[in-house]
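what would the 3D arrangement of this be:
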Amino acid sequence: MCAPLVARGKVLGIIYLDSSDRKNLYTKDDLALLSALALKAGQSLDNARLYDDLRNLFYNTVETLVRALQARDKYTSGHSARVSRYSLLVAEKLGLSTREKHHLYLAAMLHDIGKIGIPDNLLNRPGELTDEEIKTVRNHVTVGASMLKALGEMHPVVPLILHHHEAFDGSGYPDGLAGEQIPLMSRILAVADTYDAMTSDRPYRRALSKADAIGELKRCAGTSFDPGIVALFLEVLEEQSSAVIDVDEPQYVT
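Residues are numbered from 1 along each chain as shown. As a prediction, the model looks like this:
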C-alpha cells in the first residue's frame with residue numbers, strides 16, 4: 001500500500017507500507033487513512049521547506065547589510081562576526097534561551113548598521129573629532145534602530161542596538177540608562193563590542209594588546225560596563241586559544 005506526498009500539485013515522495021507475512025493485509029479504509037496522512041505530511045514537508053527558504057533569505061539579508069557597512073569602512077571587516085561570537089559565548093554562560101541567543105546574534109551582527117548614515121569624512125577620519133562631530137557619529141545607534149523598526153522580525157532587536165552604548169553608571173547614550181535599566185543583551189554587546197574594537201586597528205589608533213584591553217575592561221567595570229558581564233567575558237577569553245577570534249562565517253542560532 002502506498003500513497004503520494006503531495007503539496008501544491010507536486011509529488012514530493014511516497015509513503016510505502018508492505019508486509020511479507022500476510023497477504024491482503026490492508027483494506028480500502030486503511031488506504032483512505034494513509035492517503036489523508038500522506039496529504040498532511042506533504043503539506044508539513046512543504047511548509048518546512050518554505051520556512052527554511054525564508055530563514056536562509058533572512059540570514060542572507062542580514063549578511064548583505066553587514067557587507068554593505070564593511071564596504072564603506074574597511075576597519076570594521078570581521079568586527080560584527082567576532083562580536084556575535086563573543087556575545088554568544090557569554091550568553092551560553094548566562095544560560096540564555098535559544099530565542100534570546102537568536103536576538104543577540106542579530107543585534108551583534110547589526111549593531112553598527114546605523115553607521116551607513118554617517119558621512120565618510122567622519123567614519124574614517126584618522127584625527128580627533130569635534131564635539132559636534134562626535135554627536136553625529138553617536139547618532140548611529142538611533143539611525144540603526146530606526147532602520148530596523150520596519151522589519152517585523154527585528155522588533156526585539158531594536159532596543160538591543162539602540163542601547164548598546166549605554167554605560168552602567170548612566171553616563172552613556174542615547175538615553176543615559178543605568179544598571180539593569182539597560183537590556184541585558186545590550187550590556188553583553190557593550191563589552192564584546194568594546195573589546196574587539198580595542199584589539200583591532202582603527203583609523204585613529206593601532207590595536208591594543210590583549211593585556212591592555214583586558215586591563216581597560218577591568219578598569220571600567222562598574223562604570224562603563226556591567227561588572228558581572230565583564231567577569232564572564234574574561235572567563236570566555238581565558239577559554240579561547242587567542243585574543244581575537246577569527247570568524248569567517250558567523251554561527252547561526254537555529
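
for L208, give its distance to R187.
Distance from L208 to R187, counting by C-beta to C-beta, to the nearest Å: 21 Å. Where you see a C-beta, it was placed from the backbone N, CA and C, and this is true even at glycine.

just want to know which of these two has more residues nearby.
R187 (24 against 17; other C-beta atoms under 10 Å).

for the more buried one, which non-adjacent residue is closest in space?
The spatial neighbour of R187 that comes closest, neighbours along the chain excluded (C-beta to C-beta, 6 or more residues apart in numbering), is D226 at 4.3 Å.

my read: the one you found touches M185, true?
No: applying C-beta atoms under 8 Å, one finds D226 not in contact with M185, separated by 11.1 Å.

so which of those two has more stuff around it?
Summary of the neighbour comparison: D226 and M185, criterion other C-beta under 10 Å, with M185 having more neighbours (27 against 22).

next up, phi/psi of that one, please.
For M185, the backbone dihedrals (degrees, to the nearest 10) come out as phi -70, psi -30.

pLDDT score for it?
At M185, the pLDDT value in this model is 97.

how far off centre is the worst-scoring helix or strand of the chain on mean pLDDT?
Of all regular secondary-structure elements in the chain, judged by mean pLDDT, DSSP states H and E, the least confident is helix 120-123 with a mean of 76. Helix 120-123 sits 26 Å away from the centroid of its parent chain (C-alpha atoms, centre = their mean, to the nearest Å).

can you name every helix or strand that it contacts?
Counting contacts by 3 or more C-beta pairs under 8 Å, 6 or more residues apart in numbering; DSSP states H and E, helix 120-123 is packed against helix 131-138.
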